[in-house]
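**Student:** Curious how this folds, go ahead:
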Amino acid sequence: MKFSELQDKQVVNIRDGKMVGRVEDLDLNPADYRVQSFLVGKNQSVLRTFFSLLFPVSRIAVNLDQIVSVGEDVILIQPPTQRNR
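**Tutor:** Numbers count the residues shown, from 1 in each chain. Below is the predicted model of the structure:
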């Protein structure tokens, strides 16, 4: 699959059905050039996007083992469980 086919797809958490964001970039392993994770831009308001200099862009890394399914328009993920410390 090409990155251009993944770019801008919605990423949805299957636990709560909420949209996490959209695929913006890939994180590659420099040793073998394999994809380690997707960088997902979090949902942001129009104002936050417009004033991006005042509000830095926030991204999260989604590891490949978190991906449940890649559909035509959406990527479903299952984030790791939070453990009580």
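**Student:** Can you say which helix or strand has the residue nearest the centre of the chain in it?
**Tutor:** Among the residues of the chain, the smallest C-alpha distance to the mean C-alpha position (CA atoms, centre = their mean) belongs to V40, namely 2.6 Å. Take DSSP states H and E as the rule and V40 turns out to sit in strand 35-42.
**Student:** elements contacting that strand?
**Tutor:** Strand 35-42 is packed against strand 19-28, strand 59-63, with contacts defined by 3 or more CB pairs under 8 Å, 6 or more residues apart in numbering; DSSP states H and E. Quick note: C-beta positions are derived from backbone N, CA and C, even for glycine.
**Student:** wait, which of those is closest to V74?
**Tutor:** Taking CB to CB as the criterion, strand 19-28 is the member of the helices and strands packed on strand 35-42 that comes nearest to V74, at 8.7 Å.
**Student:** What backbone torsions are found at the spatially closest residue to P80 that is not a sequence neighbour?
**Tutor:** With CB to CB, 6 or more residues apart in numbering as the measure, Q66 is the residue that lies nearest to P80, at 6.9 Å, once sequence neighbours are left out. Summarising the backbone geometry of Q66 under the convention degrees, to the nearest 10, its torsions are phi -90, psi -10.
**Student:** Per-residue confidence, Q66, what does it come out as?
**Tutor:** In the prediction, the pLDDT value recorded for Q66 is 94.
**Student:** re earlier: mind putting the helices and strands packed on strand 35-42 into a markdown table with mean pLDDT and distance to L76?
**Tutor:** Shown next, in a markdown table, are these (pLDDT from 0 to 100; distance: least, CB to CB, whole Å):
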| stretch | mean pLDDT | distance to L76 |
| --- | --- | --- |
| strand 19-28 | 91 | 10 |
| strand 59-63 | 90 | 11 |
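**Student:** out of those strands, nearest to F3?
**Tutor:** Across those, the minimum distance to F3, taken as CB to CB, is reached by strand 19-28, at 6.0 Å.
**Student:** looking at this protein, which helix or strand does the model trust least?
**Tutor:** In the chain, the helix or strand scored least confidently by mean pLDDT, DSSP states H and E is helix 46-50, which has a mean of 59.
**Student:** give the contact list for the residue nearest to P80.
**Tutor:** Q66 sits next to I77, Q78, P79, P80 when contact means CB atoms under 8 Å, 6 or more residues apart in numbering.
**Student:** Nice, that's everything, thank you.
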